[in-house]
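Here is a sequence together with a model predicted from it:
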Amino acid sequence: MMGAVEPVNFTDYIEFEHSEDGENPCEEETLLFPGSHVPSAASHEDRSIFRMLTDIWKPGSDAESSRVNHTFSPEEKRKLDVFESIDYFAPNSAVYRKWLARQPHRRFWDRWAMMGFIGISTGLVAYSLYAVIGFFAEFKYGVTRWLLLHTNLFVAWLFNTVVSLLLVAASSVLVVGYAPAAVSSGVPEVMAYLNGVLLPKVFNIFTVAVKFASCSLAVGAGLPVGPEGPMIHIGAALGAALSQGHSTTLGWTTSIFKRFRNPRDKRDFVTAGVAVGVATAFNAPIGGLLFAFEEVASFWQHSLGWQIFFACMCATLTLNLSRSAGKALLHTGSFGWFNQDVVFEAGLEVSAHILAVVPAAVVGLLCGVLGIGFTLLNVKIARLRDATLSKYKWRRCIEPCVLVVIYVTGTMLLPRMFPCTPTHCVTYNNEVYCGIQNVTAATEGLAPPPDTPPLQLPLYTCSSGKAENGTWIPSTGTITPDSPEASNATAVVFYNELATLMLNTGDETIKHLVSRGAHRRFGYESLLVMFAWYFLGAAVAAGSAISSGLFVPMLMMGSITGRLVGLATTDIADRYGQLLSRWTTAGALSNPWSWIDPGAFALVGAGAFMGSVTRLTIALAVIMVEISDDVHMLLPVLVGIMVAKWVADAACHSLYHALLEVKCVPFLMPEPVSRFSLDLLPVKTVMRSPVVCLELCMKVSKAGYIELIQI
C-alpha cells in the first residue's frame with residue numbers, strides 16, 4: 001500500500017485553506033497588476049522602457065478573432081504555472097465513501113434554505129451599497145450646485161475636485177494597502193474560479209469589506225465607473241462564505257451546513273452568488289439567472305437552475321422591500337410599492353415598426369466597432385500599467401487620483417462651451433411640462449392642458465434671466481428647472497445640454513438618454529463631446545487601483561451611440577416623412593415620429609455596446625427589457641445585440657476573457673477552437689513515450705518523483 005497516512009474526517013475538510021487565505025504577497029500582487037511577480041523586478045530593469053512600450057502596443061497580440069486561441073509567450077506561460085486548479089469531483093476513495101454513507105440522501109431543504117439566505121444577504125448588502133453611494137453623490141453634487149449659485153465657478157470646481165480626490169484616494173489606499181484582490185470589478189476572477197482556477201484571497205472577508213468601501217467611495221466620487229461589477233464579486237463571495245460556515249481569516253467556524261464544505265457544493269453556491277449579484281445590480285432576477293448560465297457557470301443542471309432562480313427572487317424582493325422601507329421612513333413613498341424601482345424606465349411606450357430594425361442594425365454595427373476599440377484600449381492600458389507600475393506599490397494610488405482631477409475638471413469646464421438652450425418645456429404651478437402645445441400655451445399666457453403629464457426627469461437648467469449670455473448657473477441651486485414668480489404663470493425653460501449629461505450620476509444621465517418624447521433634448525455636439533470624454537475616462541479608470549465596474553460605462557456609451565443614430569433617424573424622418581408614412585398603417589401610426597424616438601434607440605445602443613464588450617446575448621436581452629420595462633423594443637434590441645456581437649467577434653475576445661489573458665490566468669473555453677475537427681486526430685496525438693505506469697501499491701514519495709521527472 002501507499003505510505004501510511006492518517007485518515008482525515010471528510011466533514012472537517014476545508015478546501016485549499018492554505019491557498020485562499022495564505023499570506024503570500026507575490027500571489028496577492030498578481031490580482032492587482034498581473035505579472036508583477038514573474039518575472040522579478042530585476043528582469044524589468046534589464047529591459048528599456050522603449051522596448052516595453054513597443055511590445056505592449058505591438059499589433060496582433062490582443063486584436064484577434066474570438067474564434068482564435070490566444071497564443072501565450074514563453075514568459076506568459078511561466079506565469080500560468082503559478083496558479084493551482086480545483087478538483088470539483090470528489091475523490092472516490094474509501095474515506096470518501098465512508099463519509100458519504102453518513103450523509104443524508106436526497107435531502108434538499110437545507111440547500112434551498114442556503115440559497116434563500118444568500119439572496120437575502122446579497123439584497124441587504126446591495127441596498128446598503130447603493131445608499132452609501134447615493135449619500136456621497138448627493139452631498140458632492142448638491143454642495144457643488146449650491147456653490148455655483150452663491151459663489152463662482154472656481155470655488156465650485158475647487159470643492160468638487162477636492163472632495164472627489166479625497167474619496168478616490170481613500171478608495172485606492174484601501175485596495176492597495178489592505179486588499180489587493182479587491183481591485184477592479186472582480187468579474188474575471190470569479191469566472192476563473194468557476195472555471196476551475198484557484199486565485200488567492202478572492203473570497204476573503206477583508207476583500208469583501210474593502211470591495212464594498214472602495215466601490216462606494218469611487219462611484220460616489222463621480223468617476224466614470226459603476227457598482228454592478230463589484231456587486232457580482234460581492235455576491236459570489238457571500239455565496240462562498242455563507243455556504244461554508246467558517247472563516248479562516250477570523251478564526252470562526254460553525255457546525256451548521258457542514259456538509260457543504262466541499263469544492264462541488266461551494267462552486268454551486270458561488271454560481272448562485274454571481275446570479276443574485278446581477279439580479280440586485282440591475283433589479284433583474286431573470287437576467288441574473290441567465291447571466292450565470294451564459295457567462296460564468298461551467299456546470300449546470302435543472303435543479304441548480306431552480307435553486308438559483310429562487311435565490312434571485314429572494315434577492316430582488318429584499319432589495320425592493322428595503323428601498324420601499326427607506327422611502328417610507330423618509331416620507332418619500334409608501335412601504336411595499338415597487339412601481340418606482342425600474343432602473344431605466346422609459347416612461348413613454350413607443351410602437352415598434354419593421355423599419356426600426358434598420359437603424360437598430362446600424363446601432364449594432366457602430367457599437368460593435370466602438371466596443372472593439374474600447375476592449376483593445378482597456379487591454380493595452382492594462383499591459384502598460386503592468387509594465388510601468390507593477391514594481392511600485394503605493395505609486396499605484398497616484399493614477400486614479402490624477403484621473404479624477406482631470407475628469408472632474410473637464411466636467412466642470414466643458415459645459416461652459418455650450419450655451420443655454422430653450423426647450424419645449426414650461427413651468428406651471430412649480431411643475432415642468434414638455435411638448436410643443438405647452439410652449440404655444442405659454443406664449444399665449446395659457447396653462448398647459450390638464451391631461452399633460454409633468455416631466456419626470458429634471459434638467460440642469462439655466463437662469464431664465466441669464467439665458468442670453470450663455471451661463472448655465474441655476475437660480476435655485478438645484479437641478480430642477482426654474483419656477484416663475486407667480487405660481488400659476490408659465491415660462492419657457494432653458495437648460496445646458498452638456499451640463500445635464502456631465503453633472504449627474506451615471507444612472508441619472510442614462511435616464512436622460514433613454515427618456516422618450518424628447519427627440520431633440522440633446523444635440524449632436526453635446527452627445528459627441530460627452531461620448532469622447534466618457535470613453536477615455538472609463539478606459540483609463542477600468543483596472544486602476546480602485547474597486548469599480550464597467551457596466552454603467554458600457555450602458556452610458558451605448559446609450560449615447562444609440563441616441564446619435566436615433567437623432568439622425570429623426571432628421572431623416574423630418575425631411576422624408578411623407579415617404580416613410582407610406583410604410584405605416586393608417587391612424588395613429590401614420591406619423592413616422594410614432595416609432596422613431598432617440599430614447600428608444602438609446603436603449604438599443606446600451607444593449608449593443610454591452611454585447612460587443614461582454615459578448616452576452618440571451619441574458620443581456622432579458623436584462624435590457626427588465627431594466628427598461630419596455631418589451632415593445634425587444635426585436636430592435638435583439639438585432640442590435642447580435643450585430644454588435646458578430647462585429648466584435650471578428651476582431652477581439654470579450655473584455656473579461658482578454659483580461660484573464662493579460663493576467664495569464666488559465667481559462668478553458670467552452671468549445672475547442674481548431675481549424676479542423678478534433679475527431680480526425682488519432683489518440684497518439686496526445687500520447688507520449690515512454691509510457692509511465694503507476695504500481696497498484698507504491699509509496700507517495702515515489703509517485704511524486706515520477707510526476708516531477710515528467711514535468
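Great, that's in hand.

got the contact list for residue 131?
residue 326 (Cβ atoms under 8 Å, 6 or more residues apart in numbering). No exception for glycine: its C-beta is placed from N, CA and C like everyone else's.

Residue 319 versus that one, what's the distance?
11 Å (Cβ to Cβ, to the nearest Å).

what does residue 86 give?
Counting by Cβ to Cβ - residue 86 and residue 319 are separated by 31 Å.

Which one's more surrounded, the two?
residue 319 (27 against 17; other Cβ atoms under 10 Å).

gap between the helix or strand in which that one is found and the chain center?
Using DSSP states H and E, the element containing residue 319 is helix 302-329. Once both centres are worked out by Cα atoms, centre = their mean, to the nearest Å, helix 302-329 turns out to sit 19 Å from its chain's centre.

So which bits of that helix are buried?
304-305, 307-316, 318-324, 326-327 (16 or more other Cβ atoms under 10 Å).

What are the boundaries of the helices in the stretch 151-300 of the chain?
153-178, 187-194, 205-220, 228-244, 263-282, 285-291 (DSSP state H, counting those that start in this stretch).

Figure out which of those helices is closest to residue 509.
helix 205-220 (13.2 Å; Cβ to Cβ).

List the contacts of that closest one.
125, 128-129, 132-133, 135-137, 140, 167-168, 170-172, 174-175, 178-179, 181-182, 186, 201, 225-227, 230, 233-234, 237-238, 241, 247, 249-250, 400, 506, 546-549.

got the angle between it and helix 153-178?
170 degrees (axes from the mean of the first three to the mean of the last three Cα atoms, to 10 degrees).

how about the CA coordinates for helix 205-220, as CSV?
In CSV, the C-alpha atoms belonging to helix 205-220 read as follows (Å, rounded to 0.1, in the frame of the first residue of the first chain):
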residue,chain,number,x,y,z
ILE,A,205,-13.7,38.5,4.2
PHE,A,206,-11.3,41.5,4.1
THR,A,207,-11.6,41.5,0.3
VAL,A,208,-15.4,41.8,0.5
ALA,A,209,-15.2,44.6,3.1
VAL,A,210,-12.7,46.6,1.1
LYS,A,211,-14.7,45.9,-2.1
PHE,A,212,-17.8,47.4,-0.5
ALA,A,213,-16.0,50.5,0.9
SER,A,214,-13.7,51.2,-2.2
CYS,A,215,-16.6,50.8,-4.7
SER,A,216,-18.9,53.2,-2.7
LEU,A,217,-16.1,55.8,-2.5
ALA,A,218,-15.1,55.5,-6.2
VAL,A,219,-18.6,55.6,-7.6
GLY,A,220,-19.6,58.4,-5.2
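
Show me the residue at the heart of the protein, geometrically.
residue 551 (2.7 Å; Cα atoms, centre = their mean).

In the stretch 101-250 of the chain, where is pLDDT below threshold?
For the stretch 101-250 of the chain, the stretches flagged by pLDDT under 70 are 105-106.

Swap in 90 and give it another go.
Filtered on pLDDT under 90, the stretch 101-250 of the chain yields the residue ranges 101-111, 141-153, 184, 195-201, 243-250.
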